[in-house]
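K.L.:
Sequence and computational prediction follow.
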Amino acid sequence: MVTQVTSLARSGLADFLIQRLSAVVLALYTLCLLSFFLVNDGLDHRQLVEFLGSGSMRAFSVLAVLSTAAHGWIGLWTVGTDYIRTHYFGAWAVVFRMVYQVGCGLVLFIYIWWGIRLFWMLPG
């Protein structure tokens with residue numbers, strides 16, 4: 001079995017399970033938000049900030065941000081390793097793949113930093 005240094009869990013089964021678990025977390029988060037919006041008909045800014053600023057929703061939101069990043073990294077890593085190959089790019093494939101993966105990692109790091117900062121700045 002070949003393991004990749006840049007894969008998230010270093011195992012295909014673990015990556016598969018992380019993607020499925022993160023998809024479940026994101027589905028539950030979406031259902032939670034949708035149910036809140038459907039139950040609160042005349043929603044105003046104060047109510048929304050109170051809801052998202054509560055401790056449980058902050059934690060759930062950060063979990064959703066981390067799940068999105070993990071799900072995204074596995075998907076982007078798979079695309080990079082499947083399509084940025086020597087067959088298509090010749091001798092430069094490894095360089096292109098590393099630049100691609102560093103770029104994806106940087107974007108996901110900024111996404112995580114921004115998401116955590118956003119939810120923990122809310123008054124609660």
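P.N.:
All right, it came through fine.
K.L.:
List the buried residues in the strand or helix carrying Arg20.
P.N.:
Taking DSSP states H and E as the definition, one finds Arg20 inside helix 12-39. For helix 12-39, the neighbour count (16 or more other C-beta atoms under 10 Å) marks 15, 18-19, 22, 25, 29, 32-33 as buried. From N, CA and C alone the C-beta is placed, and that goes for glycine too.
K.L.:
same check, this time on stretch 88-103
P.N.:
Buried, per 16+ other C-beta under 10 Å, within stretch 88-103: 97, 100-101.
K.L.:
Mind checking the pLDDT average for the helix or strand following the helix holding Arg20?
P.N.:
Sequence-wise, the next helix or strand downstream of helix 12-39 (DSSP H and E) is helix 45-53. The average pLDDT within helix 45-53 is 94.
K.L.:
rewinding a little: Throw the buried residues of helix 12-39 into JSON lines and include pLDDT and distance to Leu66, thanks.
P.N.:
Shown next, in JSON lines, are the buried residues of helix 12-39 (pLDDT from 0 to 100; distance: C-beta to C-beta, whole Å):
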{"residue": "Asp15", "pLDDT": "93", "distance to Leu66": "15"}
{"residue": "Ile18", "pLDDT": "96", "distance to Leu66": "11"}
{"residue": "Gln19", "pLDDT": "95", "distance to Leu66": "13"}
{"residue": "Ser22", "pLDDT": "98", "distance to Leu66": "8"}
{"residue": "Val25", "pLDDT": "99", "distance to Leu66": "9"}
{"residue": "Tyr29", "pLDDT": "99", "distance to Leu66": "11"}
{"residue": "Cys32", "pLDDT": "98", "distance to Leu66": "16"}
{"residue": "Leu33", "pLDDT": "98", "distance to Leu66": "17"}
